[in-house]
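# quick one, what's the 3D model for this:
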Amino acid sequence: MCGIAGVIGSKDRAHAKSTVQKMIATLARRGPDSEGIESWDRAVLGHRRLAIFDLSDAGRQPMLSADRSIGIVFNGSIYNYLELRRELSERGYRFFSHTDTEVLIHGYQEWGLSSLVCRLRGMFAFAVWDDRDRRLYLVRDRLGVKPLVFTIKGGILAFASTVRALRVAGYVGDLDESAVMDFLDLGFIPDDKSIYRGVLKVPAASIIEWSNGFCRTSQYWEPPTAARSSHITFDDAVMETERLFLRSVDIRLRADVPVGTLLSGGIDSSLVCWAVTTLGGDVTAYTIGTPGDPWDETKAACETARMLGIRHQVLEMSDTEDCQQIVGELVSAYAEPFACASALGMLKISRAVASSAKVLLTGDGGDDVFLGYPRHRHLWLAEKLAGALPAVVKNGWRTYHSIVPRVGPLRRAAALCDYATGGLEAFVSYGNRLLTDQVNGLLGDRLLHFRSGDSDRPPLPNSGCSVLADLLAYERRTSFVGEYMTKVDGATMYYGLEARSPFLDHCLWEFASSLPFDLRLYRGRLKAILRELVRRRIHERVARRTKRGFGVPVQRWIVGRWRPLVEAVFRESVLDKEGWVRASSVLAHLESASRRGWAPHRLWYMFVLESWARHEQAII
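Residues are numbered from 1 along each chain as shown. The predicted model follows:
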């Protein structure tokens with residue numbers, strides 16, 4: 001886990017080297033252990049290292065081939081590097097370190113990039129410079145766990161782990177209005193956008209190839225689609241999941257540094273902790289608690305820890321936290337504005353763990369592939385309804401659905417019919433409410449011509465017969481990588497930690513993705529396979545826990561103890577001066593929300609955006 005950067009195609013080698021130095025200085029928190037720069041006639045690569053494998057100087061990056069014709073900078077971990085190393089050693093390659101990075105060098109030499117990437121089991125963002133034909137490759141892992149951004153202008157390509165590194169080096173344009181709108185709608189920047197104009201993100205499971213000033217993109221992986229009928233029994237699916245999951249945890253315990261794990265009261269993190277104890281691992285589990293709040297999972301987490309006999313620490317958060325400090329940490333940790341409230345808890349855990357461990361196991365991804373969210377079950381039912389409804393009924397509903405009352409029990413039934421007849425387009429449209437904010441006067445002049453965050457995106461699928469499959473593909477490109485993966489990477493890397501999630505193992509993901517929805521939602525139970533595994537290996541009580549999701553109640557806090565600071569910030573609003581929002585309207589809405597004791601998400605998003613804008617002004 002590290003920070004990487006580079007400039008390719010510049011004729012001014014000294015300037016390119018100076019620029020890369022600025023970028024890796026910005027990435028210092030991602031790689032606190034060492035730094036390095038290497039240059040060629042038309043390429044400069046830079047690296048900040050977080051040492052996880054082989055802590056000696058033999059693991060220094062950029063790492064070069066013996067003849068210097070190939071250079072690589074790498075962020076991430078290749079969990080099967082020992083197996084690949086043995087295979088390459090049998091083919092005659094000599095290794096001078098015990099790192100996974102050196103496996104990438106020799107693997108590229110032996111198999112070429114496309115074949116190498118398909119062999120990798122891990123999370124990664126790396127750049128390979130091949131000086132023989134002056135070609136650069138930027139590679140991102142299958143699920144987009146690790147970030148990688150780039151910009152190209154006048155044939156010169158600059159890349160880095162974060163948008164902020166490119167900005168400090170002078171490679172970005174102004175704020176992108178469409179991205180700002182997306183943020184105010186979603187609370188994060190989707191992966192197909194950047195907060196700055198001209199900056200692109202390497203898509204998940206993709207390779208960017210640069211040569212002679214031009215780029216082309218290729219995708220090397222796609223998860224399988226769900227089978228329509230069951231090819232294995234539910235019991236077989238549980239047993240195979242257990243086998244794959246234990247293997248996934250086992251290889252993620254490989255490290256030359258101490259390892260810790262997260263533990264909420266839920267299914268996924270409980271399984272991670274169970275697997276660690278089953279495999280004989282010696283780790284401490286960490287839980288963030290919010291005392292007195294309905295979201296608090298401390299009691300459930302403590303019960304699970306006692307059942308497993310694992311060391312456990314609880315870290316508490318409340319509205320007594322210093323708002324200026326905690327929000328300042330948030331906007332410093334994330335290079336783009338990011339308002340996922342649970343990131344505050346992730347930052348606190350990362351800060352606490354960093355003194356005793358450098359690797360942190362998490363439960364991310366279990367809900368996404370094994371179907372743990374209520375919306376998954378709802379759209380599964382919508383698919384079944386779509387398959388049963390005659391065409392005449394579907395057409396009639398599309399014509400008359402607007403006159404059906406949306407109150408009480410009818411509200412959910414009507415939504416189900418909407419999704420069965422309108423598909424993903426109908427589902428996503430429920431979340432598009434920015435037009436209301438325009439009417440209420442929250443948005444400034446620079447945003448008034450935008451109707452929604454999705455206004456410039458292609459149409460969504462409208463078939464109810466595939467609405468759940470369409471949702472999973474859509475979310476994997478949007479909230480999964482833009483919110484969930486970003487949250488964990490930003491918080492942990494800010495404190496020099498490597499986060500690893502066994503549920504993001506592509507072998508496990510491929511198996512689960514191929515299972516029919518009827519198996520993953522067996523008998524209508526969310527995440528049925530994982531719940532059954534918990535019932536067998538941990539306890540029935542843990543298996544029956546309802547999903548609550550970890551949250552930090554910032555919507556209550558900003559109209560409570562944090563309100564004075566929020567008001568003070570918007571009385572001198574940077575966003576208002578630049579035409580992004582109307583601060584007077586924001587303050588009026590804050591006053592109204594204070595009487596209810598709960599603020600809408602968008603007020604929190606605007607506060608984060610304002611705080612982020614101030615931070616960015618201060619660092620340049």
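
# name the element the closest residue in space to Ser270 that isn't next to it in sequence belongs to?
In space, and not counting its chain neighbours, Ser270 is closest to Thr304: 4.9 Å by Cβ to Cβ, 6 or more residues apart in numbering. Every residue, glycine included, has its C-beta placed from N, CA and C. Using DSSP states H and E, Thr304 sits within helix 298-308.

# for the helix or strand following that helix, what is the average pLDDT?
Using DSSP H and E, the next helix or strand after helix 298-308 towards the C-terminus is strand 311-316. Averaged across strand 311-316, pLDDT comes to 89.

# strand 311-316 vs helix 298-308, what angle?
On the basis of axes from the mean of the first three to the mean of the last three Cα atoms, to 10 degrees, strand 311-316 is oriented at 170 degrees to helix 298-308.

# run the chain-centre distance for strand 311-316.
Put simply, strand 311-316 sits 24 Å off its chain's centre (Cα atoms, centre = their mean, to the nearest Å).

# that strand: partners in the sheet, and parallel or antiparallel?
Strand pairing for strand 311-316, using DSSP bridges, gives strand 284-289 (parallel).

# quick one: average confidence on the strand it pairs with?
Mean per-residue pLDDT for strand 284-289: 88.

# quick one: the helices in the stretch 401-550 of the chain?
Using DSSP state H, counting those that start in this stretch, the helices found in the stretch 401-550 of the chain span residues 409-429, 434-439, 467-477, 479, 486-494, 506-514, 517-520, 528-537, 540-543.

# which of those helices sits closest to Ala568?
Closest approach to Ala568 among the helices of the stretch 401-550 of the chain (Cβ to Cβ): helix 434-439, 22.4 Å.

# the helices of the stretch 401-550 of the chain: lowest mean pLDDT?
Of all those, helix 434-439 carries the lowest average pLDDT, namely a mean of 55.

# need the contact partners of the helix holding Thr304.
For helix 298-308, contacts defined as Cβ atoms under 8 Å, 6 or more residues apart in numbering pick out 263-266, 270, 273-274, 277, 285, 287, 289, 291, 311-312, 314, 316, 538-539, 541-542, 545.

# out of these, which are buried?
Among the contacts of helix 298-308, those classed as buried by 16 or more other Cβ atoms under 10 Å are 263-266, 270, 273-274, 277, 285, 287, 289, 312, 314, 538-539, 542, 545.

# report the rounded mean pLDDT for stretch 447-459.
Stretch 447-459 carries an average pLDDT of 64.

# what's the span of that stretch, first residue to last?
Length of stretch 447-459, first residue to last, Cα to Cα, to the nearest Å: 22 Å.

# may I have the helix or strand in which Glu110 is found as PDB, with CA atoms only?
Using DSSP H and E, Glu110 sits within helix 100-111. Only the C-alpha atoms of helix 100-111 are listed here, as PDB (Å, rounded to 0.1, in the frame of the first residue of the first chain):
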ATOM      1  CA  ASP A 100       5.100  -8.700  -4.200                       C
ATOM      2  CA  THR A 101       6.400  -5.800  -6.400                       C
ATOM      3  CA  GLU A 102       9.300  -7.800  -7.700                       C
ATOM      4  CA  VAL A 103       6.800 -10.500  -8.800                       C
ATOM      5  CA  LEU A 104       5.100  -7.900 -11.000                       C
ATOM      6  CA  ILE A 105       8.400  -7.000 -12.700                       C
ATOM      7  CA  HIS A 106       9.300 -10.500 -13.600                       C
ATOM      8  CA  GLY A 107       5.700 -11.500 -14.300                       C
ATOM      9  CA  TYR A 108       5.600  -8.700 -16.900                       C
ATOM     10  CA  GLN A 109       8.800  -9.900 -18.400                       C
ATOM     11  CA  GLU A 110       7.600 -13.500 -18.600                       C
ATOM     12  CA  TRP A 111       4.000 -13.300 -19.500                       C
END
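
# residues in contact with the first helix or strand past that helix going along the chain: which ones?
Of the helices and strands lying after helix 100-111 in sequence (DSSP H and E), the nearest is helix 113-119. If you take Cβ under 8 Å, 6+ apart as the criterion, helix 113-119 is touched by 80, 84, 104, 107-108, 110-111, 128, 137, 139, 207, 220-221.

# tell me, how many residues neighbour the residue nearest to Ser270?
30 (other Cβ atoms under 10 Å).

# please tell me how far it sits from Ser342.
19 Å (Cβ to Cβ, to the nearest Å).

# before we move on, what about Arg42?
43 Å.

# helix/strand/coil for Asn395?
Following DSSP: H, G, I helix; E, B strand; the rest coil, we place Asn395 in the helix state.

# run a quick neighbour tally on Ser514.
Count around Ser514 with other Cβ under 10 Å applied: 15.

# now for it: which residues touch it?
Ser514 is in contact with Pro224, Thr225, Ala226, Ala227, counting by Cβ under 8 Å, 6+ apart.

# out of those, which is most surrounded?
Counting neighbours by other Cβ under 10 Å, Ala226 leads the contacts of Ser514 with 19 neighbours.

# dump the residue contacts of it.
Ala469, Ser513, Ser514, Leu515, Pro516, Phe517, Arg520.

# TSV for those, including distance to Val404?
TSV is the format used below for those (distance: Cβ to Cβ, whole Å):
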residue	distance to Val404
Ala469	26
Ser513	35
Ser514	37
Leu515	35
Pro516	31
Phe517	27
Arg520	31
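
# pick the one among those closest to Asp367.
The closest of these to Asp367 turns out to be Arg520 (Cβ to Cβ; 11.0 Å).

# how about that closest one, nearest residue that isn't a chain neighbour?
Nearest one to Arg520, counting by Cβ to Cβ, 6+ apart, is Leu371 at 4.5 Å.

# quick check, that neighbour in contact with Tyr522.
No: using Cβ atoms under 8 Å, Leu371 is not in contact with Tyr522, being 10.1 Å away.

# so between those two, which is more surrounded?
The neighbour comparison of Leu371 against Tyr522 (other Cβ under 10 Å) goes to Leu371, with 27 against 19.

# tell me the contacts of the more buried one?
Arg377, Trp380, Phe517, Arg520, Leu521, Leu526, Lys527.

# recalculate using a threshold of 7 Å.
Leu371 is in contact with Phe517, Arg520, Leu521, Leu526, Lys527, counting by Cβ atoms under 7 Å, 6 or more residues apart in numbering.

# make sure Leu521 is actually in contact with Trp380.
Yes: using Cβ atoms under 7 Å, Leu521 is in contact with Trp380, at 5.4 Å.

# how close does the residue sitting nearest the centre point of the chain sit to Ala543?
Taking Cα atoms, centre = their mean, the centroid of the chain lies closest to Met485, which sits 1.2 Å from it. Separation of Met485 from Ala543 (Cβ to Cβ): 27 Å.

# let me know the pLDDT of the closest residue to Ala58 other than its chain neighbours.
Excluding the flanking residues, the one nearest Ala58 by Cβ to Cβ, 6+ apart is Ser97, at 3.7 Å. Looking at Ser97, its pLDDT stands at 95.

# great, nothing more from me.
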